[in-house]
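Participant: generate coordinates for the sequence data below:
(one chain, ligands or ions: 1)
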Amino acid sequence: MTFELPKLSYELDALEPYISKETMEYHYGKHHQTYVTNLNNLIIWTEFQNMSLEEIIKKSPAWPIFNNAAQVWNHTFYFTSLNKVENKVPNWVLLEMVNRDFWNFEEFKTKFNDMALKNFWSGWTWLVLNTTWNLEIINTSNAWSILTMPDKKALLTCDIWEHAYYIDYRNARAKYLENFWNVIDWVVIEGMV
Ligand code: MN
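Facilitator: Numbering: from 1, shown residues only. Take a look at the predicted model:
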């Protein structure tokens with residue numbers, strides 16, 4: 001199987017001023033594309049060449065096929081959940097779950113951002129649904145993906161590798177996190193609950 005960079009449902013400048021076109025050109029156009037290209041090159045003539053992306057992530061050894069496959073999946077998940085949006089809060093079903101598990105939406109945002117700030121590694125911060133139907137915020141490092149955790153389902157992720165924000169925010173991860181909430185497409189997230 002040859003993997004391709006997934007098409008976006010929005011233009012590269014759609015997330016401005018929060019995430020610039022230049023960031024998208026590098027992050028999506030170069031970083032994400034490189035993970036796709038590396039993965040295609042690594043799986044040729046291996047047992048992984050006819051597997052789906054999900055199968056590769058679940059079955060491949062930790063390095064380097066896993067890293068590239070998981071980064072393809074993580075980035076696709078991240079970019080798919082972003083868009084130019086009017087509505088900055090989820091619908092009532094998800095909002096009720098947020099209120100139940102985090103007190104209220106503002107408190108949830110604060111907890112999520114705190115978690116992302118504390119993630120020491122290049123990595124990802126996730127909102128997940130667990131088997132008891134509760135929401136949790138968790139960090140993963142490097143390429144590690146929620147897809148490797150069978151008891152958790154990813155709903156939302158924020159890429160906190162420096163390449164995700166360095167062009168727009170330099171070292172100010174907190175500023176990037178603050179603005180991240182302006183470009184989340186809650187309709188996509190709700191569709192996964
Ligand atoms: Mn990234």
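
Participant: name the element the most far-flung residue of the chain relative to its centre belongs to?
Facilitator: For the chain, the residue at maximal distance from the C-alpha centroid (CA atoms, centre = their mean) is Trp45, at 29.4 Å. Taking DSSP states H and E as the criterion, no element holds Trp45; it sits outside all helices and strands.

Participant: and it, how far from Gly191?
Facilitator: As for Trp45, its distance to Gly191 is 37 Å (criterion: CB to CB, to the nearest Å). C-betas here are computed from N, CA, C, even on glycine.

Participant: Asn91 now?
Facilitator: As it turns out, when the distance is counted by CB to CB, Asn91 lies 10 Å from Gly191.

Participant: and these two? Which one has more around it.
Facilitator: Using other CB atoms under 10 Å, the more surrounded residue of Asn91 and Gly191 is Asn91, with 13 against 10.

Participant: contacts only, for the more buried one.
Facilitator: In this structure, Asn91 makes contact with 186, 190, judged by CB atoms under 8 Å, 6 or more residues apart in numbering.

Participant: ditto for Asn179
Facilitator: Residues in contact with Asn179 (CB under 8 Å, 6+ apart) are 18-19.

Participant: buried residues, the helix or strand harbouring it. List them.
Facilitator: Secondary structure here is read from DSSP H and E; on that basis Asn179 sits in helix 173-180. Of all the residues in helix 173-180, those buried under the rule 16 or more other CB atoms under 10 Å are 173, 176-177, 179-180.

Participant: and what of stretch 14-31?
Facilitator: Neighbour count says stretch 14-31 has 14-16, 18-20, 23-24, 26-28, 31 buried, by 16+ other CB under 10 Å.

Participant: so which residue is dead centre in the chain?
Facilitator: Tyr78 (3.1 Å).

Participant: that residue: what secondary structure?
Facilitator: Taken by DSSP: H, G, I helix; E, B strand; the rest coil, the conformation at Tyr78 corresponds to helix.

Participant: how far does stretch 7-20 sit from its chain's centre?
Facilitator: Mean C-alpha position of stretch 7-20 versus that of the full chain (CA atoms, centre = their mean, to the nearest Å) differs by 15 Å.
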